[in-house]
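**Student:** make a model of this:
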Amino acid sequence: MRAFRAALPYTLPIAVGFLFLGVSYGFLMRSLGFSFVYPMLMSLFIFAGSMEFVAAHLLLLPFNPWRAFGLALMVNARHLFYGISMLDKYKGLGWKKPYLIFGMCDESFTINCTVQPPADVDRGWFMFFVTLLNQLYWVGGATLGGLLGYIIKFDTTGIDFVMTALFVVMFLGQWDEAKEHRPALVGLGCACLCLLLFGSDNFVLPAMALIVLCFTLDRKRAENKQREAA
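**Tutor:** Next comes the predicted model:
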């Protein structure tokens with residue numbers, strides 16, 4: 001209970017955003033003709049907001065597992081980097097570890113990576129409740145949106161752009177708070193270059209690989225410069 005009480009305040013701001021986005025996703029699924037059970041179960045077992053919006057349209061297309069796999073990999077490739085950075089934090093957590101791996105999203109990663117729980121709170125339980133609460137917010141919002149879709153009818157054109165808008169707002173917020181903008185400019189430059197070279201359907205993975213390469217080379221350059229200064 002101490003871990004739950006410690007985790008809850010950090011997740012409440014996320015609850016507001018997740019409930020809004022989840023309701024939007026539920027409305028979208030209902031507008032496409034799906035029962036509220038679909039967004040409820042998809043948010044429970046997929047729990048990847050961007051991919052769930054994509055999956056809504058994939059369900060209407062001819063069955064193509066390789067295309068679905070490729071899209072899922074591109075949309076969620078950023079979690080590869082999240083996972084690597086959390087390897088040490090997840091060590092020795094027993095049965096909690098599989099769920100923490102499954103339930104890691106952008107918001108849970110941010111909290112679990114940066115927040116130090118109080119001294120009397122077990123870190124494993126703290127991360128568990130952060131992840132669980134965030135997923136419950138998302139599942140609740142998606143289910144509520146699916147149910148409200150039976151009652152409220154409106155034009156849902158463009159509603160699937162809500163996740164893209166969220167990431168744009170997050171980027172602008174981090175840009176405003178950060179003193180060093182070079183990493184953001186490197187990311188934008190790599191993404192634009194790969195978009196021109198590979199097209200909008202295939203640029204995500206090459207862009208992320210190029211970004212990692214640029215940051216790796218820059219880190220080595222900085223380390224060499226430090227050694228020379230020493």
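**Student:** in the chain, where is pLDDT below threshold?
**Tutor:** Where the chain drops to pLDDT under 70, the residues are 154-164, 166-167, 170, 174, 230.
**Student:** so where's the longest helix in it?
**Tutor:** Longest helix of the chain, by residue count under DSSP state H: helix 2-31.
**Student:** if you count neighbours, what's buried in that helix?
**Tutor:** Using 16 or more other Cβ atoms under 10 Å as the test for burial, helix 2-31 gives 3, 6-7, 10-11, 14-15, 17-19, 21-31. In short, each C-beta sits where N, CA and C put it, glycine included.
**Student:** what are the contacting residues of whichever helix or strand comes after it?
**Tutor:** Remark: after helix 2-31, the chain's next helix or strand is helix 37-45, criterion DSSP states H and E. The contact list for helix 37-45, computed with Cβ atoms under 8 Å, 6 or more residues apart in numbering, reads 22, 25-26, 29-30, 52, 55, 59, 135, 138-139, 141-143, 145-146.
**Student:** let's see that with 6 Å instead.
**Tutor:** Here helix 37-45 makes contact (Cβ atoms under 6 Å, 6 or more residues apart in numbering) with 25-26, 29, 52, 138-139, 142-143, 146.
**Student:** one more: stretch 197-207?
**Tutor:** 74, 77, 190-191, 194-195.
**Student:** now, of these, which are buried?
**Tutor:** For the contacts of stretch 197-207, buried by 16+ other Cβ under 10 Å: 74, 190-191, 194.
**Student:** closest one of those to residue 172?
**Tutor:** For those, the residue nearest residue 172 by Cβ to Cβ is residue 191; the value is 15.5 Å.
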